[in-house]
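Novice: Here is my input; please provide its structure:
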Amino acid sequence: MATSRRQPALKVAIPRPSNVPLRLGRVGLIAAVGFAAGILWPRLAGLRLVPQLPTPAASAPDLSGAPADDQAAASAVASAAPIAAPKPPEPLAPGVQPPVVGEAQVTSCRDAGGAKLEHCDRVDFDRVARDRLSSFDDCPAAQRVSGVVSLGFELDFTSERVTHISSGKATSLEDEPLKAVLDCYRQSFSNVSLVAIPHEHQHYTIFYRIELAAAPPEAAPAASSAPLAVTPASGNATVSWETALVHATPEKDGKVVARVLSGTRVAVTGRSGDWYRVKYDARGREGWVFRTAVGM
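Specialist: Numbers count the residues shown, from 1 in each chain. Sure, this is the predicted structure:
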């Protein structure tokens with residue numbers, strides 16, 4: 001029987017900390033290289049790794065070292081004038097009142113072939129017409145006119161245009177002032193489009209009643225030294241003449257300041273002989289009419 005040998009015991013030697021050399025120099029070098037790669041290099045290269053907070057607006061930057069094109073562009077921006085506020089519309093001349101526009105009246109409608117139709121819808125022409133009818137800012141000739149205009153429009157939805165403007169029977173203006181008013185309105189509506197207006201038929205005739213009220217000139221003082229004898233009166237009357245002339249004074253040759261159509265209600269405020277002083281419009285202006293013009 002063989003005899004086993006006893007193996008010698010394995011010994012592990014653990015060095016003491018004092019015997020391990022410290023190599024801090026190599027660790028510091030690695031840390032420095034990592035810091036330069038992660039922090040300093042992006043800054044030197046002009047890269048931004050995180051967004052930058054906005055800064056308050058300051059004065060124009062110094063572009064003395066910038067290219068000439070950049071300097072010219074910056075100079076142009078800096079010297080640009082601020083945008084001016086919209087200019088308000090100029091007021092009407094002293095004493096001039098804006099036109100008083102009545103409701104639109106559809107008097108006829110026709111189909112595409114021109115045949116007259118029995119029933120007409122209430123086409124909304126006011127959408128493009130009323131502002132133009134109420135303004136005479138660019139028409140000095142019409143600002144000096146007083147009276148009533150019955151203004152008719154021919155609407156053609158085939159061409160989507162206003163094809164004709166004319167005056168109706170209720171117009172009280174003389175030929176010359178009427179021509180000036182029609183010319184102004186024709187110019188104002190020359191480029192109006194009917195595209196956005198709902199409609200059932202292709203052709204319409206629409207009328208507006210428009211009251212023009214220019215301020216009459218100051219009446220000259222009466223030549224007579226005797227004061228005008230006026231008897232106070234009150235009440236209402238209706239114009240019976242087709243067109244009643246309103247005079248500045250109670251006499252046939254007195255200056256005509258207005259014309260009032262048949263059926264208009266007036267307020268009587270005084271009497272002098274065969275003449276009655278009346279308030280003939282909504283603004284309370286007064287004048288004299290002959291007694292039979294108001295059925296007196």
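
Novice: Quick one: the helices in the stretch 101-250 of the chain, in order.
Specialist: Secondary structure of the stretch 101-250 of the chain (DSSP state H, counting those that start in this stretch): helices located at 126-133, 140-143, 175-188.

Novice: Name the residues of the host helix or strand of T269 that are buried.
Specialist: Assigned by DSSP states H and E, T269 belongs to strand 265-272. When neighbours are counted by 16 or more other C-beta atoms under 10 Å, the buried residues of strand 265-272 are found to be V266, V268, T269, G270, R271, S272. Backbone N, C-alpha and C define where each C-beta goes, glycine included.

Novice: Ok, stretch 181-191 next?
Specialist: Neighbour counts over stretch 181-191 (16+ other C-beta under 10 Å) mark V181, L182, C184, Y185, S188, F189 as buried.

Novice: Repeat that for stretch 196-210.
Specialist: Quick answer for stretch 196-210 (16+ other C-beta under 10 Å): I197, H199, H201, Q202, H203, Y204, T205, I206, F207, Y208, R209, I210.

Novice: Find the least confident helix or strand in this structure, judged by mean pLDDT.
Specialist: helix 68-79 (a mean of 49; mean pLDDT, DSSP states H and E).

Novice: quick one: contacts of stretch 191-207?
Specialist: Residues outside stretch 191-207 that contact it (C-beta atoms under 8 Å, 6 or more residues apart in numbering): 104-112, 114, 117, 120-121, 123-125, 127-129, 132, 150-158, 160-162, 168.

Novice: now H199: how far from I165?
Specialist: 19 Å (C-beta to C-beta, to the nearest Å).

Novice: Please apply the same query to H201.
Specialist: 20 Å.

Novice: just C109 next, same as before
Specialist: According to C-beta to C-beta, C109 and I165 sit 17 Å apart.

Novice: of these two, who's got more company?
Specialist: Legend: neighbour count by other C-beta atoms under 10 Å for C109 and I165, higher for C109 (21 against 16).

Novice: which ones are touching that one?
Specialist: For C109, the contact set (C-beta under 8 Å, 6+ apart) comprises K116, L117, C120, D121, V123, E200, H201, H203, Y204, T205.

Novice: List the contacts of F189.
Specialist: A129, R132, F153, V162, I165.

Novice: Any quick ChimeraX command for the buried ones out of these?
Specialist: Restricted to buried positions by 16+ other C-beta under 10 Å, the ChimeraX selection for the contacts of F189 reads:
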select :129,153,162,165
